[in-house]
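[1] Based on what follows, work out the 3D shape:
(2 chains)
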Amino acid sequence: MSAYIIRRLLAFVPTLFIAVTLIFVLTRMVPGNPANALIGVRGVTAEKHDELVRQLGYDKPIPLQYIDWLQKIAHGDFGTSVFFKKPVIDIILDRFAVTLSLSGLSMLITLIIAIPLGVISAKRPGSILDSVVMIFSTLGVSVPIFWFGFIMMLLFAVNLGWFPAAGYRPLSFGFFPWLERLVLPVFTLGFAQVALLVRHTRSSMLEVLNREYITTARAKGLSETKVIYKHAFKNAFADIITVIGLVFALSLGGAVLVENVFAIPGIGNLITTAAIRRDYPIIEGGIAFVTFVALVVNLIVDISYPIINPRVNYE
Amino acid sequence: MFKRIINNRLLIFGISLLFIVFSAAIFAPFLTNYDPIEISIENSLLAMSWEHPFGTDELGRDVLTRVLFGAKISLWVGAVATFYSGIFGVLFGLLSGYYQTFDSIFSRLVDGLMVFPGLIMAILLMAALGPSTKNVIIAMIILYTPRIVRVVRSSVIQIKIEDFVDAARVIGANDLRILFIHILPNAFAPLIVQVAFGFAWAILVESGMSFLGLGMPAPTPSWGNIISDGRNFVYSAPWIMLFPGLAICMSVMGLNFIGDGLRDFLDPHLRNVVSRE
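    You can find the predicted model right below:
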């Protein structure tokens, strides 16, 4: 098992390297250099442009820029934002705390809602409850998340007045003001995730429930509850855990849209605004950071896998 | 048997939903008397009425007209992106599954592309390429091709060790013939299902990117653009964003039902091979 974990840790490095390289290559695909795109956009004149080119290091040959960039980001240095005139990493960490509130909470409610719901609908496939769950989960993966956010806002903030429509308060303002403004965004983001995880939980459970040892357990007279929770769920869970990393990555992508709808100053909002303003250090840094987080979560899931399911041979 | 009928119903329901949307897209010019782009300020933000069943937007354009013409654009962009992802995905998937040396390099690239949370990669691509309809399509092809590659590759790896492939080789069939005549048809079931999900995905991503202002340029009536136009009037004129959103739901749900239906119909074991994300 430890060999598996070490191998998995070692595989992390090249994957991260490829991802980071792709980010570099894609941003350098901009005709000329990224500073060209800034001329005229943000009051950047031709003279100021040359200065900016030097400052951002775009005057060096591409391979040299690449090595420079790799060295810098290895030390957590993503350069300086063209717009904010502050170190990119400071801005990113600041904004990421906000995104983490949103994604973390929505992950939490997803797990609390989706797994029991998936188990219950697998218990009686074809029942009314199962059909309702399946219809909602199809709806969940079919609804554009930002549109659903507006509907939630109209319904619960404008018509019913239960929650504030938009905005964000950090935890330092107190727990309630923080939570109050996150309820709608969290449920908006959670809808698609619940849909995905319910489907996966249900199909994993159905597969396990068809195995022979379940029939044996039933035949020896165990109660259905015991069969489902002690025998079936434990085995299905090993399979369910593998999609949790995927669901988290999805939540980071979805957060971009949700943050835009509810005016939450998270990292998704930061990257989108930077993309429109063409603030390349932020775009590169922000995307590298989010990708890094997604990779780390996947790594944790992969490593926890043999602990949850020790019978599988990982050698 | 009962289950098969239920699943067929899914398929039929999905096809009917999509049929409605496609008809709306094709017959858009005949279904409305208004122009989707022409501005008439005097009709700004009119509520739903007989003249304007979906109301009008800020610039006085009929929302129904824009949604109908938007169907054409959103479906077209989705279809083109899915088509090319399919072509490239099959090509690289076949090569990657069949030739080990090609695979060892190419799979790294595919893995690298797959680690990005989808929409975030789309933002990066649009920032690099600049917003235009063509670039939205290119970005989606780059994002979706790896998913098709994975599905095709894993089928090829399973199929290439079958006896009939060896038999074909013994008769003297060359690699090209083996790949396209013997292997590809057997890899078709998971591919077609993944393509259906891909089409649904493309419609959602296009709308998301347009909503963020990184997709289709302004006057083009894509569904995402219409919702984006309506976002400042969520309170005063919610109809602007309501209907294009419903149109997206309807088409994406139709495609998801088709994907689910096809999967269960063609081969229930595909559940673990094909993924929605």
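[2] Geometric centre of chain A: which residue is closest?
    The residue lying closest to the centre of chain A (CA atoms, centre = their mean) is A:Leu252, at 2.5 Å.
[3] wouldn't it be in contact with A:Gly104 here?
    No. Using CB atoms under 8 Å, A:Leu252 is not in contact with A:Gly104, being 11.0 Å away. All C-beta spots, glycine's among them, are computed from the backbone N, C-alpha and C.
[4] What are the boundaries of the helices in the chain?
    As the question left the chain open, I've gone with chain A. A:2-27, A:46-56, A:62-74, A:88-123, A:128-142, A:145-152, A:175-209, A:212-219, A:224-226, A:233-261, A:267-277, A:280-308 (DSSP state H).
[5] Oops, wrong one, chain B.
    Going by DSSP H, chain B shows helices at B:2-26, B:28-31, B:63-98, B:100-114, B:118-129, B:133-159, B:163-171, B:175-177, B:188-211, B:223-230, B:239-266.
[6] and for the fifth one, what are the contacting residues?
    Helix B:118-129 has contacts (CB atoms under 8 Å, 6 or more residues apart in numbering or on different chains) with A:23, A:26-27, A:29-30, A:250, A:252-254, A:256-257, A:268, A:271-272, A:274-275, A:278, A:280, A:283, A:287, A:290-291, B:113, B:116, B:135-136, B:138-140, B:142-143, B:205, B:208-209, B:212, B:214-215, B:277.
[7] who in the stretch 201-315 of chain A is up against chain B?
    Within the stretch 201-315 of chain A, the positions adjacent to chain B are A:203, A:246, A:249-250, A:252-254, A:256-257, A:260-261, A:268, A:271-272, A:274-276, A:278, A:280, A:283, A:287, A:290-291, A:294-295, A:298 by CB under 8 Å from any CB of the partner chain.
[8] Show me which of those are buried.
    Using 16 or more other CB atoms under 10 Å in any protein chain shown as the burial test, these include A:203, A:246, A:249-250, A:252-254, A:256-257, A:260-261, A:268, A:271-272, A:274-276, A:278, A:280, A:283, A:287, A:290-291, A:294-295, A:298 as buried.
[9] Residues of the stretch 1-150 of chain A that sit close to chain B?
    So the stretch 1-150 of chain A meets chain B at A:14-15, A:18-19, A:21-23, A:26-27, A:29-30, A:37, A:126, A:138-139, A:141-148, A:150 (CB under 8 Å from any CB).
[10] and residue 99, how many neighbours?
    If you meant another chain, say so; for now it's chain A. By other CB atoms under 10 Å in any protein chain shown, 25 other residues sit near A:Thr99.
[11] That was the other one, I meant chain B.
    Neighbours of B:Tyr99 under the rule other CB under 10 Å: 14.
[12] Quick check on it: phi, psi?
    Backbone torsions of B:Tyr99, given as degrees, to the nearest 10, read phi -110, psi 120.
[13] give me the low-pLDDT residue ranges for the chain?
    The chain I'm using is chain A. The model of chain A has pLDDT under 70 over residues A:1, A:29-46, A:311-315.
[14] ah, I was thinking of chain B
    B:1-7, B:28, B:31, B:38-47, B:51-52, B:54, B:56-57, B:59-60, B:267-277.
[15] which residue is nearest the middle of it?
    B:Phe199 (2.0 Å).
[16] which residues touch it?
    B:Phe199 touches B:78-79, B:82, B:255, counting by CB under 8 Å, 6+ apart.
[17] can you check B:Pro219 too?
    Going by CB under 8 Å, 6+ apart, B:Pro219 touches B:Ile37.
[18] Surely A:Ile92 touches A:Gly79?
    No. If you go by CB under 8 Å, A:Ile92 and A:Gly79 don't touch, sitting 11.2 Å apart.
[19] Counting neighbours, what do you get for B:Met253?
    B:Met253 has 21 neighbouring residues, counting by other CB under 10 Å.
[20] What sits closest to it if chain neighbours are left out?
    Excluding the flanking residues, the one nearest B:Met253 by CB to CB, 6 or more residues apart in numbering or on different chains is A:Ser142, at 4.0 Å.
[21] Now do the contacts for the one you found.
    Shown in contact with A:Ser142 (CB under 8 Å, 6+ apart): B:200, B:204, B:249, B:252-253, B:256.
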